[in-house]
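>>> quick one: sequence plus predicted model below, questions after.
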2 protein chains.
Amino acid sequence: MISQKMIPLMQNNSAIRAMFEEGNRQAELYGRENVYDFSLGNPNVPAPEEVKKAIIDVLNEEDSCFVHGYMANAGYPDTRKAIADSLNRRFHREYRPDQLIMTVGAASALNVLLKCILDPGDEVVTYAPYFVEYKNYVRNYDGVLKEVKTDFSDFQPDPAALAGAITEKTKALIINTPNNPTGVVYSAEKLAAIGAVIAEKEKEYGHTILTISDEPYRELAYDGVEVPWVPDLIPHTAVIYSYSKSLSLPGERIGWILLPDEIPEHADLISAAAIATRVSGAVNAPSLIQRALKRCVDARTDVAAYDANRELLYNGLTEMGYSCIKPQGAFYLFVKAPGGDDKAFCEFCKQYHLLLVPGTSFAGPGYVRISYCVSNDMIRRSLPAFRKVAEAYHLV
Amino acid sequence: MISQKMIPLMQNNSAIRAMFEEGNRQAELYGRENVYDFSLGNPNVPAPEEVKKAIIDVLNEEDSCFVHGYMANAGYPDTRKAIADSLNRRFHREYRPDQLIMTVGAASALNVLLKCILDPGDEVVTYAPYFVEYKNYVRNYDGVLKEVKTDFSDFQPDPAALAGAITEKTKALIINTPNNPTGVVYSAEKLAAIGAVIAEKEKEYGHTILTISDEPYRELAYDGVEVPWVPDLIPHTAVIYSYSKSLSLPGERIGWILLPDEIPEHADLISAAAIATRVSGAVNAPSLIQRALKRCVDARTDVAAYDANRELLYNGLTEMGYSCIKPQGAFYLFVKAPGGDDKAFCEFCKQYHLLLVPGTSFAGPGYVRISYCVSNDMIRRSLPAFRKVAEAYHLV
């Protein structure tokens, strides 16, 4: 009964499921507190108090039929206005509410945009390493995802490599900064160079190449680094955002798409995105959270907690001889797998109750992703296990 | 830049948008209180107090990272258990939480199931009149929606007509009872006869034909009528539910899919549905509302308010000479268009500030849909306008 397109997804899923079951198996055998699960990107810092207050205030102050009702597929106009105003304050632009479409998180936002633009066989380019679901999202609309490697010495995107990957069939480029899984913030210089490559290729092929800037980690940046506003550097950019990390609301599925006027056919794209939201079955982004968001649009999660985790884990691991660049965003370390084989290394780590994800799952073989959106205490308790693994691999 | 598949959707959308703009235009000209908008299916009865209390209690009593966090793609196990237990109490079954997948409303549930089973060219049958989005949902996965007419004297489904529509390519039948747009509750006799037709055709073609019972209006039934539990009458049935109407939460996007053991390959379908939820970008149904649902799973909207609207509008219109069966569910009247041309009739009604939807939009030409999920007062105030239209059409 299962469709041909679903079957490979079901086969691949078993690897993730196996990891999940391994965690549960070990927790049962050794106690949950003795298993160091660094595999998930689920925030451990609670949502700011403002979010809770905003939700309760909405329930007490606004009309139930309005709060929980249908609205335009693009979302409540006043929520979109609050978001546009916030962006304008931060990035000195003049965005309007009608340029924003509220979505069921960033994942749904990506799907909506790809549904709007992809015909079968169309190509989408992205820089590796990348969030593995991009491939599935592009396949949903019978497109083809093409990978371009970043420079693995610093995981910055290589503009020249991009130029070689774009063909007549390229409809879009997806970039993700701060990046999952590397934590790297793409530099303004590299982004400007990418903008020049795109402009040149648009001229060569005579059609728009839409850059989709997937930014769920925008607010998670450290060392005072500035995350560049991509539309300033790549003119034809749609920005995709999610409150999953900035407000620790991943389960609530709330995000948006911004389609600035600089994008040719932006009016058609805005209409299409609202329709795609409807037709794909989402209909609209969840309403209560939209209402609440209007009241706490500038609230932020406690980034300092993640930063403390980053320092503890980065310093701990590098002192033991692990090799890793120090990332300035997101909540991941992308560590060189001792021995070179990331899958074998992750398998080896399991016996020390360390659960990591092979970089191969992110098109970054030879590395492992370690999520530090966990308790500082767990990181501290895990360090002796990392040390034993380092000793076994003769890192020190 | 827009994909070929999206273009026709954008052209069709303009009709709905035109209706929306007509409402706004008239409200501006004549005052909102003098425009009788019967076009939308947006509940006007507020969510029960239990829902508000449940949401606030969850926020005050449960851990923020858990309440707003990622969970298994199928949803929180305890919420699914509460739902399974509630179904078991009502329908004397032994459903388990693992047979339920929480979804972003019924529309997303339908998309998830269709994604799981449709290969390009596969056919899905449904009874007309039907919710027009079904066609778009099936097209999302390159399937073909085939319509079978109900008996327009009572809008009950005709089992013999179904037998003629099923081919080797038929993967599913979608039924919707209580029905949008007719308000009719399909009878147990007709459903049992449909079950027999499906069984015969499954034997003839050697594969399962999945019945998808789309039931957002299940709790909205009047005159003490019992809405049959479809899996009792059609064995290979997946049930799709939404709290949009039963709890007046359409904007929250919360529903589920039930995949009982009677369906062959049910285990594969359950896995596939969870993966389709993830890959389509929904990832999971919104988390806070899932948590709240566990605490108010048996709460219900005030059906008596809709019933009072039904009586007032049905009696008012039939006394004026309009022809309409008296439906026993949902919140719609499906009224014969005087003159026979539903589009012309709706156009004519506009000058009396009556906004109705032509039945053609539901594959039910010659009728108009009148949504009575509006204030009782608006119905009362609208009756003189309906009377003027009746006089113009010489109904009395």
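It's in.
>>> residue nearest the centroid of chain A?
Centrality entry for chain A: nearest residue to the mean C-alpha point is A:P216, 4.9 Å, by C-alpha atoms, centre = their mean.
>>> so who does that residue touch?
A:A106, A:N180, A:Y241, A:S242, A:S244, A:K245, A:S246, A:G255 (C-beta atoms under 8 Å, 6 or more residues apart in numbering or on different chains). Quick note: C-beta positions are derived from backbone N, CA and C, even for glycine.
>>> please report the distance of the last one from A:Q4.
Noted for A:G255: a distance of 31 Å to A:Q4, by C-beta to C-beta, to the nearest Å.
>>> again, but for A:P327
Relative to A:Q4, A:P327 is positioned 39 Å away (C-beta to C-beta).
>>> tell me which element the nearest residue to A:E215 once chain neighbours are set aside falls in.
Counting by C-beta to C-beta, 6 or more residues apart in numbering or on different chains, A:E215 lies nearest to A:Y241, which is 5.3 Å off, once chain neighbours are set aside. Assigned by DSSP states H and E, A:Y241 belongs to strand A:237-242.
>>> that strand packs against which elements?
Judged by 3 or more C-beta pairs under 8 Å, 6 or more residues apart in numbering or on different chains; DSSP states H and E, strand A:237-242 is in contact with helix A:105-117, strand A:210-214, strand A:255-258.
>>> partners of that strand in the sheet?
Paired neighbours of strand A:237-242 in the sheet (DSSP bridges): strand A:210-214 (parallel), strand A:255-258 (antiparallel).
>>> list of residues touching the last one?
What it means is strand A:255-258. With C-beta under 8 Å, 6+ apart as the criterion, strand A:255-258 contacts A:75, A:80, A:83, A:87, A:95, A:99-106, A:108-109, A:112-113, A:216, A:238-244, A:273, A:285.
>>> and it, how far out from the chain middle?
With C-alpha atoms, centre = their mean, to the nearest Å as the basis, strand A:255-258 stands 13 Å off its chain's centre.
>>> and that strand, C-alpha only, in PDB?
Extracted as PDB, the C-alpha positions of strand A:255-258 are listed here (Å, rounded to 0.1, in the frame of the first residue of the first chain):
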ATOM      1  CA  GLY A 255       8.100  30.400  12.000                       C
ATOM      2  CA  TRP A 256       7.900  32.600   8.900                       C
ATOM      3  CA  ILE A 257       9.000  33.400   5.400                       C
ATOM      4  CA  LEU A 258      10.100  36.900   4.400                       C
END
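>>> A:V125 belongs to a strand?
Yes - per DSSP: H, G, I helix; E, B strand; the rest coil, A:V125 lies within a strand segment.
>>> and the residue nearest to A:N180 when sequence neighbours are not counted, how far from B:I270?
Distances taken as C-beta to C-beta, 6+ apart place A:F131 nearest to A:N180, at 5.0 Å, with adjacent residues excluded. Counting by C-beta to C-beta, the gap from A:F131 to B:I270 is 25 Å.
>>> element containing the residue nearest to the centre of chain A, please.
A:P216 belongs to no helix or strand, assigned by DSSP H and E.
>>> which pLDDT value goes with it?
If you check A:P216, the pLDDT there is 98.
>>> the one 4 residues further on now?
pLDDT for A:L220: 98.
>>> same check on the one 10 residues further on?
Model confidence at A:V230, expressed as pLDDT, equals 98.
>>> who touches it in this structure?
Neighbour list for A:V230: A:I175, A:T177, A:L191, A:T211, A:S213, A:E215, A:T237, A:V239 [criterion: C-beta under 8 Å, 6+ apart].
>>> does the helix or strand hosting A:P384 come close to chain B?
In this structure, A:P384 sits in helix A:376-392 according to DSSP H and E. No - between helix A:376-392 and chain B, judged by C-beta under 8 Å from any C-beta of the partner chain, nothing touches; the nearest distance is 13.5 Å.
>>> list the buried residues in stretch A:188-202.
For stretch A:188-202, burial by neighbour count (16 or more other C-beta atoms under 10 Å in any protein chain shown) applies to A:K190, A:L191, A:A193, A:I194, A:G195, A:V197, A:I198, A:K201, A:E202.
>>> now, those that are in strands?
When the buried residues of stretch A:188-202 are checked against strands using DSSP state E, none is located there.
>>> what's the burial count for A:I325?
By the measure other C-beta atoms under 10 Å in any protein chain shown, the count of residues near A:I325 is 18.
>>> excluding its backbone neighbours, what's nearest it?
A:D154 (6.1 Å).
>>> right, and that neighbour touches A:G183 too?
No - A:D154 is beyond contact range of A:G183, at 11.4 Å (criterion: C-beta atoms under 8 Å).
>>> hang on, the earlier thing: okay, A:F131 and B:I270: which has more neighbours?
The residue with more neighbours, out of A:F131 and B:I270, is A:F131; 22 against 19, by other C-beta under 10 Å.
>>> how near is the more buried one to A:P178?
To A:P178, A:F131 is 12 Å away according to C-beta to C-beta.
>>> cool, A:V279 as well?
32 Å.
>>> likewise for A:Q351?
Using C-beta to C-beta, we find A:Q351 at a distance of 32 Å from A:P178.
>>> to what extent is the residue nearest to A:E215 buried, counted in neighbours?
Neighbour count for A:Y241, taken as other C-beta under 10 Å: 24.
>>> and it, what does it touch?
The contact partners of A:Y241, taken as C-beta under 8 Å, 6+ apart, are A:A106, A:A109, A:E215, A:P216, A:R218, A:G255, A:W256, A:L258.
>>> out of those residues, which is nearest to chain B?
A:A109 (7.5 Å; C-beta to the nearest C-beta).
>>> that older thread, and the contacts of A:Y241 as a markdown table, adding distance to B:Y372?
A markdown table is the format used below for the contacts of A:Y241 (distance: C-beta to C-beta, whole Å):
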| residue | distance to B:Y372 |
| --- | --- |
| A:A106 | 39 |
| A:A109 | 36 |
| A:E215 | 44 |
| A:P216 | 42 |
| A:R218 | 46 |
| A:G255 | 35 |
| A:W256 | 34 |
| A:L258 | 39 |
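>>> which of these ranks first by neighbour count?
Highest neighbour count within those: A:A109, with 30 neighbours (other C-beta under 10 Å).
>>> how about that one: what's its closest non-neighbour residue?
A:T103 (3.9 Å).
>>> could you list the low-pLDDT ranges of chain A?
Scanning chain A for pLDDT under 70 picks out A:14-16.
>>> that one: strands as residue ranges?
For chain A, the strands defined by DSSP E occupy A:36-37, A:100-103, A:123-128, A:144-149, A:170-175, A:210-214, A:237-242, A:255-258, A:332-336, A:354-355, A:357-358, A:367-371.
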